[in-house]
Every structure is written in C-alpha cells, then in structure tokens.
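Asker: I need the structure of the sequence given here:
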Amino acid sequence: MTIIVDSDGLIGILSRIDDHHTIAAAILEKLITKNIKFIYPATVITEASAVLKIRLKKPELAEQIAVLLLQGQFII
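Answerer: Sure thing, here's the model as predicted:
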C-alpha cells in the first residue's frame, strides 16, 4: 500500500507542540511496521516547510525537512 502524505500530517509528525502530534506519531509507527510506502508531493514539502518556518516560528523543523530531503528520506 502507498500513502500520499499531506502537509498537516508532516507538520503533525515533526512538531511536538502540534495538537495532532501524538496521534500522528502513533499512526506513523503502525504504518511503518506494515511496510507502507509514503509519497511526499513537492507541494507538501514546500508548504510544510513554509508553515513551520513562518507561521509556527520553528525554522529548525523546516531545516529538518530539508535535511531529510537531501538524505533521500522522502519519495517525491
């Protein structure tokens, strides 16, 4: 199975202060154990980075997305 990730899900996973972080992390953990493939559209990566950096004032999380992208952790 393949899941297309949206920006809210990506933000929820990365930001521990996000209202949905706990449930997002739990869902991600279950999906990983089932060998689910994740696809991250370029627009999702861009939007999540912008929201984290500008709106949520978390540039370190936006940078974390960039690092993961450069490491090849996101299938686009």
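Asker: number of residues surrounding residue 29?
Answerer: Residue 29: 9 surrounding residues under other Cβ atoms under 10 Å. Every C-beta, even on glycine, is put in place using the N, C-alpha and C of the backbone.
Asker: swap that for residue 44, please
Answerer: 21.
Asker: do the same with residue 64
Answerer: Residue 64: 14 neighbours (other Cβ under 10 Å).
Asker: element containing it?
Answerer: Using DSSP states H and E, residue 64 maps to helix 59-70.
Asker: check the offset of that helix from the chain's centre.
Answerer: Computed by Cα atoms, centre = their mean, to the nearest Å, the chain-centroid distance of helix 59-70 equals 10 Å.
Asker: can I get the CA coordinates of that helix in PDB?
Answerer: Only the C-alpha atoms of helix 59-70 are listed here, as PDB (Å, rounded to 0.1, in the frame of the first residue of the first chain):
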ATOM      1  CA  PRO A  59      12.800  27.200  11.500                       C
ATOM      2  CA  GLU A  60      14.700  24.300  12.900                       C
ATOM      3  CA  LEU A  61      11.900  21.900  11.900                       C
ATOM      4  CA  ALA A  62      11.800  23.400   8.400                       C
ATOM      5  CA  GLU A  63      15.500  22.700   8.300                       C
ATOM      6  CA  GLN A  64      14.900  19.200   9.400                       C
ATOM      7  CA  ILE A  65      12.700  18.700   6.400                       C
ATOM      8  CA  ALA A  66      15.500  20.000   4.100                       C
ATOM      9  CA  VAL A  67      18.000  17.600   5.700                       C
ATOM     10  CA  LEU A  68      15.600  14.600   5.300                       C
ATOM     11  CA  LEU A  69      15.000  15.600   1.700                       C
ATOM     12  CA  LEU A  70      18.700  15.800   1.000                       C
END
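Asker: by contact count, what packs against that helix?
Answerer: Counting contacts by 3 or more Cβ pairs under 8 Å, 6 or more residues apart in numbering; DSSP states H and E, helix 59-70 packs against helix 7-14, helix 42-50.
Asker: what does the first one rub up against?
Answerer: If I follow you right, that is helix 7-14. Applying Cβ atoms under 8 Å, 6 or more residues apart in numbering, the contact partners of helix 7-14 are 18, 20-21, 23-25, 28, 40, 43-45, 47-48, 51-52, 56, 61, 64-65.
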